[in-house]
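S.K.: Sequence first, predicted coordinates after that:
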Amino acid sequence: MTGPLSGIKVVEIASLAPAPFGCMVLADLGADVLRVERAGAPGDGLTPPDGPLDRGKRNVKLNLKDGGDLRTLFALVEKADVFVEGFRPGVAERLGIGPADLERHNPRLIYGRMTGWGQQGPLSSTAGHDINYIALTGTLDLIGRPGERPVPPGNIIGDFAGGGMLLAMGVLAALYERERSGKGQVIDAAMVDGAALYTAFAHGMHAAGLWNQPRGDNALDGGAPFYDTYECADGRYVAVGCVEFPFYIQLLAALGIDDPELPFQLDPTGWPQLKEVIGAKFKERTRDEWAAVFADSDACVTPVLSPWEAHEHAHNQTRDAFIEVNGVRQPAPAPRFSRTPAAHPEPPTADQSTVRKMLADWLVPDSQIERLLG
C-alpha cells in the first residue's frame, strides 16, 4: 500500500453515502480501511450498489447486538487508529460502541461521528437529507434562477463536501494532533456545519455589499453576463467565467463582438443587454465548436460536460483524472503527492484470503479472525 496514510488503520461501520465517501478518501490516501457490515441489520431504504465509495476497502460482517461479535469489534478497535460511524446520536452508545466504550480499549483512537444535524441541537435526533441541511444553512437559497425556486444541486454539497470531506479533514487533523498529545479524540462531523462552512465567501461578499440581490441576480450566481452558462446551436452549453476585465475583453474578441456602445462589464443595469448579445453569439455554433475556439484562450470559457463524457476531454485524459475500477469509470484519487502517490484503487473485497492477511497485519488474534471469516 502506498500513499501518505499508509499504515493507518480505519474501522468503518457501514452506512450511507457521507461516511463511506470520507473513508474512501482515507483509503485513497493509503489507509487500511476495514468496512464492517452489520449482519442482520434491517435495510436502509435507498442503498446504492457497491461502487466508487467502497474502493480500496476490505469487508467483514458483524452482528453488533451479539456479544461475541462485539468482542471481535473491540479486538479490531484495539489495533485501529480511526473508527467511523454514521448513526443518529445515542445509537452507538446503546450498542456499546460509543466513544467512551471504545476509549477503554484504545485511548489513542480517533472516533469519527458522521451525522446530518450533529450530536446536539433541537434537530439532532430527527431524520434529514442533503437538501434539508443545505436549506437550513442558507446554502440552497443561493442556487437558482431569478424568480424561480431554489435548485437542489444533487447531494453534493451536504453529503459529500459538507459531510464526508469534512469528516476526512477532521480525521487528518486529529491524527496530526495525536502525534503531539498521544491521545485520541471524538470528531463531531455534521453535514449542517459543513454546508454552512461553504457559504463563508458569500457571507463576506454580502457584508461588503457585493452579494445582496435576490437569488440569481448577483455576480457569481448567474446574474452577471460574464459568469453564467449559455446555450449553443446544438442545445448544449458552455460555461463563461471571465470575471477579470482582460479576460472579458478576450471573450468579446473571440465572439466577434466589437460595439463601443455596449454597457460596461460591471454595470448591473446593463447585464440583461450584455447577456442577450453574448447569448445570441453562442447560438451561432455548437458547444464543441466553441470549445475549439476557446481552447487556448484566457477568456475562461469551457464546455459544460456531463459526468459521463468528462473523461473524454483532453485535459482530464492527460491528468488521468478518471479511472476504471472493476469496470466502473470514476474520479481518480485526489490530491496528488510527489513522494507517496496513491495506489490504483482496488474494488472492495470480502475475499477471505485477502481479508485474513489484512487482519493478520493488524495483529488481530487468530480466534477473532476465524469469527470474522466464519
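M.R.: Yep, that arrived.
S.K.: what's the spacing between D50 and K57?
M.R.: 10 Å (C-beta to C-beta, to the nearest Å). Any C-beta I mention is one placed from the backbone N, CA and C, and that applies to glycine too.
S.K.: shared neighbours of these two, which are they?
M.R.: Shared contacts of D50 and K57 (C-beta atoms under 8 Å, 6 or more residues apart in numbering): P348.
S.K.: So for those two, which sits in the more crowded spot?
M.R.: The residue with more neighbours, out of D50 and K57, is K57; 26 against 14, by other C-beta atoms under 10 Å.
S.K.: so what's the more buried one bridging to?
M.R.: K57 forms beta bridges with V33, as assigned by DSSP bridges.
S.K.: Could I get the pLDDT score of it?
M.R.: Note on K57: pLDDT of 93.
S.K.: again, but for D44
M.R.: 48.
S.K.: Check H344 too.
M.R.: Model confidence at H344 (pLDDT) stands at 82.
S.K.: So it sits against N326, correct?
M.R.: No: the pair H344 / N326 is not scored as a contact, 11.5 Å apart, by C-beta atoms under 8 Å.
S.K.: So T229, which state does it fall into?
M.R.: Per DSSP: H, G, I helix; E, B strand; the rest coil, the local secondary structure of T229 is strand.
S.K.: which ones are touching it?
M.R.: 222, 237-240, 304.
S.K.: same thing but at 7 Å, please
M.R.: By C-beta atoms under 7 Å, 6 or more residues apart in numbering, T229 lies in contact with 237-239, 304.
S.K.: V10 too?
M.R.: 23, 26, 31-34, 80-82, 84.
S.K.: Considering these, which possesses the most neighbours?
M.R.: C23 (33 neighbours).
S.K.: sec struct for the closest residue to that one other than its chain neighbours, please.
M.R.: Distances taken as C-beta to C-beta, 6 or more residues apart in numbering place E12 nearest to C23, at 4.4 Å, with adjacent residues excluded. Put simply, E12 is strand when judged by three-state DSSP.
S.K.: if I look at the closest residue in space to D234 that isn't next to it in sequence, how far off is A254?
M.R.: Spatial nearest neighbour of D234, excluding adjacent residues (C-beta to C-beta, 6+ apart): T286 at 4.1 Å. Note on T286: its distance to A254, by C-beta to C-beta, is 15 Å.
S.K.: again, but for L172
M.R.: For L172 relative to A254 (C-beta to C-beta), the value is 42 Å.
S.K.: Just confirm L167 contacts M114, I think it does.
M.R.: Yes: between L167 and M114 there is a contact under C-beta atoms under 7 Å: 5.2 Å.
S.K.: Break the protein down into its structural domains.
M.R.: If you go by automatic domain parsing, the domain ranges for the chain are 9-198+323-373, 227-304.
S.K.: sorry, back to before: hmm, G22 and the residue nearest to C23 touching each other?
M.R.: No: counting by C-beta under 7 Å, E12 stays clear of G22, with 8.7 Å between them.
S.K.: so what sits against both of those two?
M.R.: V84.
S.K.: Please name the residues that touch the closest residue to Q352 other than its chain neighbours.
M.R.: Ranked by C-beta to C-beta, 6+ apart and with sequence neighbours excluded, the top spatial neighbour of Q352 is L373, at 5.1 Å. For L373, the contact set (C-beta under 7 Å, 6+ apart) comprises 352, 355-356.
S.K.: Read off the pLDDT value for L373.
M.R.: pLDDT recorded at L373 is 71.
S.K.: what does D50 give?
M.R.: So, for D50, pLDDT stands at 77.
S.K.: my guess is it contacts P348, does it?
M.R.: Yes: the criterion here is C-beta under 7 Å, and D50 meets it with P348 at 5.7 Å.
S.K.: Show me where the stretch 101-250 of the chain has its strands.
M.R.: 110-115, 186-190, 227-231, 237-241 (DSSP state E, counting those that start in this stretch).
S.K.: Which residue would you name as the spatial centre of this structure?
M.R.: F160 (3.2 Å; C-alpha atoms, centre = their mean).
S.K.: shared neighbours of L167 and M114, anything?
M.R.: Common contacts of L167 and M114 (C-beta under 7 Å, 6+ apart): 19, 22, 189.
S.K.: Please produce TSV containing these, extended by pLDDT.
M.R.: TSV is the format used below for the shared contacts of L167 and M114 (pLDDT from 0 to 100):
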residue	pLDDT
A19	97
G22	98
A189	98
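S.K.: okay, those in JSON lines with distance to L140 next?
M.R.: Putting the shared contacts of L167 and M114 into JSON lines (distance: C-beta to C-beta, whole Å) gives the following:
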{"residue": "A19", "distance to L140": "22"}
{"residue": "G22", "distance to L140": "22"}
{"residue": "A189", "distance to L140": "20"}
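S.K.: what's the closest of the residues you listed to F294?
M.R.: For the shared contacts of L167 and M114, the closest approach to F294 (C-beta to C-beta) belongs to G22, at 36.1 Å.
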